[in-house]
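one predicted model, sequence on top.
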Amino acid sequence: MFTISDSIFINAPIERCFLLATNIELASRTYGMRPIEGKLSGLFVADDRLVWAGWKFGFPQVHESYVTQYEPPSFFQDTMGRGRFKRYQHDHYFYEMNDHTVLNDKIRFTMPLGFVGRLVAQFVVVPYLSKRLRRRLALLKSVAENRKEWQKYLPEQQAR
């Protein structure tokens with residue numbers, strides 16, 4: 001099993017950060033895939049099913065995920081139902097610290113194909129997912145800290 005973890009400090013309330021992280025349109029920007037089945041827009045919540053489609057490494061990809069844990073505003077988890085991984089789980093932790101929010105994401109996955117899958121994971125997938133995760137965290141920070149940006153993704157009454 002491989003684990004990738006990264007954190008970022010965001011100068012915004014925890015509730016806003018949590019809601020932005022559950023926004024499907026914003027998630028689509030960070031993953032470079034678009035929703036095609038299940039919940040297609042807005043904010044996802046507990047037990048939602050999302051199916052994403054896009055191209056990765058020159059191949060069409062479909063990734064189905066379920067929101068398997070949902071504890072606003074401190075934690076949610078999505079777990080792969082079907083896709084290219086043997087197992088894939090993404091934990092999103094939110095903490096308050098000195099009037100800031102700390103967002104810590106942890107991805108755990110295994111690849112099919114035994115030894116070959118482990119090599120592909122180590123030399124291709126881990127670097128790729130690490131870069132994508134860093135990009136996602138930076139985008140969430142940028143949007144959460146900019147009033148004009150976060151208001152595009154969240155209804156006024158849901159985030160302060």
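That came in fine, so what should we check first?

report the central residue of this protein.
Using C-alpha atoms, centre = their mean, the residue of the chain that lies closest to the mean C-alpha position is residue 27, 6.3 Å off.

secondary structure element for that one?
helix 24-31 (DSSP states H and E).

one more: residue 55?
Using DSSP H and E, residue 55 falls in strand 49-56.

helices along this structure, start to end?
14-21, 24-31, 114-120, 126-144, 147-153 (DSSP state H).

now do the second one, average pLDDT.
The predicted model gives helix 24-31 an average pLDDT of 90.

ok now that helix, how far from the chain's centre?
How far helix 24-31 lies from its chain's middle: 8 Å, per C-alpha atoms, centre = their mean, to the nearest Å.

just the longest one next, same as before
Mean C-alpha position of helix 126-144 versus that of the full chain (C-alpha atoms, centre = their mean) differs by 9 Å.

tell me which residue of the chain is furthest from the middle?
residue 115 (27.2 Å).

that one and residue 123: what is the separation?
13 Å (C-beta to C-beta, to the nearest Å). The way it works is simple: take the backbone N, C-alpha and C, and place the C-beta from them, glycine included.

bridging residues for the closest residue to residue 75 other than its chain neighbours?
Closest residue in space to residue 75, ignoring its immediate chain neighbours: residue 93 at 5.6 Å, by C-beta to C-beta, 6 or more residues apart in numbering. Residue 93 has these beta-bridge partners by DSSP bridges: residue 75, residue 104.

so which of the helices of the chain comes closest to residue 37?
Nearest of the helices of the chain to residue 37, taken as C-beta to C-beta: helix 24-31 at 12.1 Å.

could you check the angle helix 14-21 makes with that closest one?
Per axes from the mean of the first three to the mean of the last three C-alpha atoms, to 10 degrees, the angle that helix 24-31 makes with helix 14-21 is 70 degrees.

for helix 24-31, which positions count as buried?
24, 26-28, 30-31 (16 or more other C-beta atoms under 10 Å).

same check on stretch 81-94?
83-85, 88-94.

returning to that earlier point: what angle sits between the helix holding residue 27 and helix 126-144?
Going by the same axes, to 10 degrees, helix 24-31 makes 140 degrees with helix 126-144.

what sits up against helix 24-31?
If you take C-beta atoms under 8 Å, 6 or more residues apart in numbering as the criterion, helix 24-31 is touched by 20-21, 34-35, 39-44, 50, 52, 54, 132, 135-136, 139-140, 143, 153.
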